[in-house]
Every structure is written in C-alpha cells, then in structure tokens.
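J.: give the three-dimensional model of this entry:
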Amino acid sequence: MTDARPGRLDVGVVSAGRAGSVLGAALGAAGHRVVGVAARSEASRERASVLLKDVPVRPAAAVAADAQLLLLAVPDDVLPGLVGELADSGAVGAGQVVVHVCGRHGTDVLEPASARGALALAVHPAMTFTGTSLDLGRLPGCPMAITAAPALLPLAQAVAVDLGGEPVVVAAADRALYHAGLAHGANHLVTLVTQSARMLEQAGVPDPGQYLRPLLEAALSNALSGGESALTGPVARGDAETVRAHTTALGELDQPSQTDLLATYGHLARTTAARAVRTGRLDPDAAAAVLDALPPG
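T.: Numbers count the residues shown, from 1 in each chain. This next block holds a predicted model:
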C-alpha cells in the first residue's frame, strides 16, 4: 500500500494554545520537524515547554517564514486577521502548506496566503483539548473535518492521518452548520449538565456529578446510537402534572444565580415536546397539556 502521507516537513505552530501545542506535538511524533512555535501568554509558553520541548518560541511571522507546513491554531474570530498579517509580512509564500484547525472556516479565510501561492487546507479535529499530553492519546481515530480544493484533498487527508485522525470531507459552504452542530452538542451540553448538577445540589444531593454520571452516560450513549428513539421522561410520556411540579420547584428557587434553570428547562421542554409530536412519540393533545404546564416563554 502506498504511503499517502506528506514528506517529513518543517512545521511551524501558531500558537501554543490548548489545541496548537497538542497538534504540533502530534505532528512531531509523526516524524515532522517542529521548528518554531508562537506563544504569547505564560500559559502558552508553559505548554510549549512541556509538549514542544526545545522548540524555539518566536514571533508568529518568524515561525511562519521558516515553516514548510504552517499550523494555525487560533480562535475562529482571530484567524482572518492573523492570516492577513502573515500574508502582508511576506511570511507565507509559494508551495508552503498552510493549515488552520478552526471549525467554522473553510479555506476562503486563507485566501491571502493562497494568493501568494500557499496550499490552503482546513483540518478540524472534533474533540476538546486540555492542552496536556492526555490529548495525544485521544487523537487516534478522532474524526477530523477537512476542506480543501479538490486537488489538495489528498494532502488534507494525509495531514489528518498524521495527526492520528479519521478525515471526513466537509464542504466549505457547510462548515458553519457543521461547527454549530459540534458547539451545540458539546459546549451547550456542559451548560445543561452543570445546570442539572446545580438542581441536585439545591435538592441536597451530595456529589451531584457522581450521581448524574450513570444516567447521563447511558442517555448520551443511547442518543448517539438510537437518535430520538432514545428519548424518555415526563415530556415524552405526556406527564403534564410532573412537568408542572418541576417548573413549580424551579420557580421557587429565589437565588438570582438560579433563574436560568427555569428558563432553560422550559425552552428545552417545548423543543422536546415539539420533536416528540413530529416523530410520532407524543399525541398532540398530550403535548398541549405539557406546554400548558410550562411557564410562558
């Protein structure tokens, strides 16, 4: 079988945030040479010293100028300005592979680099990063959304494989929707879980996280494998009086810091009821009774 991976390249990393430091280390482990890293904050410099040991810390333009493969790992909203600055400085040029790892953007954001002859790739790992060596063990098999011009897709796939991932092609026009799905599922999940833990804490349950763990792990597993057929609970059953009891209890929490709990419960209950009706899980009349039990929202 032919090795589709790119030749071993000099890699520059901008910057040593939680993702960049780990992905740079992964490319180093795959045989590439990490020749420079940008790290402005003390936390970034500390990560670089651990994960990219002995790699020189330099300004972003200097890192880019010496890299054959430039890895841009900065927040989505920062990326356009960074690419423009690097292009204007002449730090990127013909034949250089420029890869960003943002979820939202395709390769249009790299146009200033492409205009100078750089090869533009978007490779986004679908995982959260701690910025520690633990992440290196989580990369193998991680799905990675790749976007590139058709002629460059094999190169994008090879970069994803060198990172340990499983490349999945996502069209540039679909990147925002793709990223919204990940953010909604992962970031908002944290909000939901911590809200549930706060409710249990208010109810006097010790160690809410441990109490929730078996229930939530089972619910997540069932949802990932069975989709909406995994839905259970009072809304799905049309237990309007139980829903009313829930909202009454949440409404009686008088701390200002807890007012978000009722609002979130009501919004998600409405969405759950609507989806249950559309999928035939809940009778419209039963759904109407559930909605009537919820506070106006």
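
J.: residues making contact with stretch 130-140?
T.: The contact list for stretch 130-140 (CB atoms under 8 Å, 6 or more residues apart in numbering) reads 17-19, 21-22, 25-26, 29, 43, 47, 50-51, 125, 127, 129, 163-165. Placement of C-beta: from N, CA and C, glycine included.

J.: write the PyMOL selection for whichever of the residues you listed are buried.
T.: Remark: buried members of these, expressed as a PyMOL selection using 16 or more other CB atoms under 10 Å:
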select buried, resi 17+18+19+21+22+25+26+47+51+125+127+129+163+164+165
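
J.: narrow the contacts of stretch 130-140 to those in helices?
T.: Using DSSP state H, the members of those that fall in helices are 18-19, 21-22, 25-26, 29, 43, 47, 50-51.

J.: any stretches of the chain with poor pLDDT?
T.: 1-6 (pLDDT under 70).

J.: can you list the buried residues in stretch 108-116?
T.: Residues of stretch 108-116 classed as buried by neighbour count (16+ other CB under 10 Å): 109-110, 112-114, 116.

J.: Gly185: which of the residues you listed is nearest?
T.: Gly185 lies nearest to Val109 out of those, by CB to CB, at 23.3 Å.

J.: was I right about the closest one contacting Leu82?
T.: No - contact criterion CB atoms under 8 Å: Val109 and Leu82 do not qualify, at 9.5 Å.

J.: and the strands in the chain?
T.: For the chain, the strands defined by DSSP state E occupy 10-14, 33-38, 69-72, 97-100, 119-125, 143-147, 166-169.

J.: for the ones you listed, give me JSON lines that also has distance to Gln202.
T.: JSON lines is the format used below for the strands of the chain (distance: least, CB to CB, whole Å):
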{"stretch": "strand 10-14", "distance to Gln202": "44"}
{"stretch": "strand 33-38", "distance to Gln202": "45"}
{"stretch": "strand 69-72", "distance to Gln202": "44"}
{"stretch": "strand 97-100", "distance to Gln202": "43"}
{"stretch": "strand 119-125", "distance to Gln202": "37"}
{"stretch": "strand 143-147", "distance to Gln202": "37"}
{"stretch": "strand 166-169", "distance to Gln202": "41"}
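
J.: tell me how far the closest residue to Ala29 other than its chain neighbours lies from Gly31.
T.: Among residues not flanking Ala29 along the chain, Leu136 sits closest, at 7.2 Å (CB to CB, 6 or more residues apart in numbering). Per CB to CB, to the nearest Å, Leu136 is found 15 Å from Gly31.

J.: sorry, back to before: and the strands of the chain: which comes nearest Glu217?
T.: Closest approach to Glu217 among these is made by strand 143-147 (20.1 Å; CB to CB).
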